[in-house]
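>>> Sequence and predicted model, in that order:
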Amino acid sequence: MRFIFMSEAETVPGHTHEQRYRELIDEVLLAEEVGFDAFGTSEQHVAIGTATTSAPEVLYPYMMALTKRIQFIHLVTLLPTRINHALRVAERLATEDILSNGRVALGVGRGNTTLALRAFEVSPTENKAQLLEGIEVIRRAMTNDIFSFVGEHYKIPPRSLVPKHIQQPHPPILMATGSPESVRAAAQMGIGAMMGGFYLGFDFLQSMIDIYDAELNATEHDVPTQAQKVAVISGGMHCAETNEDARHWASTLFETVKLSTGGYDRLAQLSSDYAYMGAVKNIDLADQRYMFEDSAGFIVGDPEACIAQVKRFADMGIDAITMRIDGLPHRELMRSIELFGKYVIPTFKNPRSVVRSSDEILVDIRAARPAHQAELEAFENVHAAVGDPR
């Protein structure tokens with residue numbers, strides 16, 4: 001299980017973006033120190049109240065210079081042609097790969113807010129096709145010295161990408177997948193799938209996992225695959241000393257959830273490609289029990305509770321968890337990152353290193369005694385039968 005810290009530098013009224021970015025840098029440095037595998041942020045444009053990270057490709061190199069181990073994942077880069085030309089994405093990705101010494105990955109999507117799509121004059125009926133072509137352009141550019149592409153949205157003559165990246169065949173690529181159709185597309189391409197994020201529950205998430213696995217196994221891939229199943233905990237992760245404290249703070253994130261999902265129904269009506277997003281309107285986002293326990297959108301509690309919740313995802317076959325850790329006071333975020341890294345991550349990375357209580361150890365010792373006694377008696381019987389003088 002890999003653990004990915006996600007933040008969008010949510011900035012509360014009265015705060016400044018400058019100060020929030022400085023805080024975010026401290027959070028990423030702490031996340032690396034306590035064992036998180038990766039950090040990622042989304043590319044959000046003209047957002048209101050929930051996200052301020054409009055230029056991750058500028059933010060990441062600064063953080064790369066301050067870190068040594070943690071990976072940086074774009075969660076996600078938008079691939080409508082009016083927002084990002086695929087060749088520019090490939091160039092930036094290769095540059096980041098060099099600067100980070102191979103610590104970058106690319107998540108891609110087509111946008112999920114009308115605020116951004118309309119600001120860039122992106123058609124919601126065309127951006128899915130642009131996304132899929134853009135992925136292919138990036139892969140060709142990074143796997144072939146001389147590449148070209150002819151499609152509906154891109155017509156690129158033979159060219160050679162500069163600079164050349166480090167990771168081979170290229171940095172890992174993942175796609176945001178909110179529907180069964182997009183999960184199938186990711187599996188057919190042999191790239192990672194970021195699943196969930198719509199609070200539709202564990203049964204829905206399991207169905208997406210099963211679709212991905214089945215499609216991946218049924219597809220013959222012409223290029224090396226980079227398969228991985230990533231669960232997106234979009235509501236938030238908050239680990240605290242007690243369950244009560246954790247839920248108290250996490251309940252304040254519900255307003256952000258409402259803001260971030262508020263435009264989903266409008267998008268669902270604009271294009272059949274977004275129809276799946278309309279299901280969110282049937283969820284009671286104020287139902288704390290459902291949101292915390294059954295939505296698959298939160299990991300909240302004391303360390304023991306967080307371990308149990310992560311195990312639920314691990315048992316489903318998830319390879320990595322992307323957790324939004326944002327929207328709370330900086331001190332609470334830092335404490336949450338620290339507790340999660342100190343107690344939760346080691347349980348899944350190296351469980352034998354986690355010190356158990358004396359009572360637990362004694363119970364296991366007592367349970368092992370009968371087998372040891374039987375082995376000892378069998379040993380003595382063998383030696384008695386051969387006349388061992390002992």
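Looks like it arrived, so ask away.

>>> Any idea which residue is closest to the centre of the protein?
In the chain, the centroid-proximal residue (Cα atoms, centre = their mean) is Thr322; its distance is 2.7 Å.

>>> Each with direction, which strands does the lengthiest strand in the chain pair with?
Looking across the chain with DSSP state E, the single longest strand is strand 71-78. Strand 71-78 has these partner strands in its sheet, going by DSSP bridges: strand 38-41 (parallel), strand 104-109 (parallel).

>>> Put together TSV for those strands, with distance to Asn350 on each row.
Glycine gets a C-beta too; all of them are placed from N, C-alpha and C. Conversion of the strands paired with strand 71-78 to TSV gives the following (distance: least, Cβ to Cβ, whole Å):
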stretch	distance to Asn350
strand 38-41	18
strand 104-109	23
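
>>> closest to Met64 out of those?
Across those, the minimum distance to Met64, taken as Cβ to Cβ, is reached by strand 104-109, at 7.9 Å.

>>> which non-adjacent residue is nearest the residue nearest to the centre of the chain?
Ile4 (4.2 Å; Cβ to Cβ, 6 or more residues apart in numbering).

>>> Report the beta-bridge partners for that neighbour.
The partner list for Ile4 in beta bridges (DSSP bridges) reads Ala38, Thr322.

>>> returning to that earlier point: let me have the strands paired with strand 71-78 in JSON lines, extended by mean neighbour count.
Formatted as JSON lines, the strands paired with strand 71-78 follow (neighbours: other Cβ atoms under 10 Å):
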{"stretch": "strand 38-41", "mean neighbour count": "25"}
{"stretch": "strand 104-109", "mean neighbour count": "26"}
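
>>> just so I know, which of these lies nearest Phe379?
Nearest to Phe379 among the strands paired with strand 71-78 is strand 38-41; the distance by Cβ to Cβ comes to 50.7 Å.

>>> Grab the longest helix from the chain for me.
When the chain is scanned for its longest helix (criterion: DSSP state H), the result is helix 358-385.

>>> Distance-wise, check His372 relative to Arg366.
According to Cβ to Cβ, to the nearest Å, His372 stands 11 Å off from Arg366.

>>> Need the strands paired with strand 71-78 in TSV (columns: mean pLDDT).
Formatted as TSV, the entries for the strands paired with strand 71-78 read as follows, by pLDDT from 0 to 100:
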stretch	mean pLDDT
strand 38-41	98
strand 104-109	98
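
>>> Quick check: which of the ones you listed is nearest to Ala314?
That would be strand 38-41 among the strands paired with strand 71-78, by Cβ to Cβ, at 16.9 Å.

>>> what pLDDT does the nearest residue to Glu133 once chain neighbours are set aside get?
Excluding the flanking residues, the one nearest Glu133 by Cβ to Cβ, 6+ apart is Gly151, at 4.6 Å. According to the predicted model, the pLDDT of Gly151 comes to 98.

>>> Next: Pro389.
pLDDT, the model's per-residue confidence, is 61 for Pro389.

>>> mind listing the helices for the stretch 201-350 of the chain?
Chain-ordered helices for the stretch 201-350 of the chain, with DSSP state H, counting those that start in this stretch as the definition, fall at 202-218, 243-250, 254-261, 264-270, 288-293, 303-315, 330-339, 345-349.
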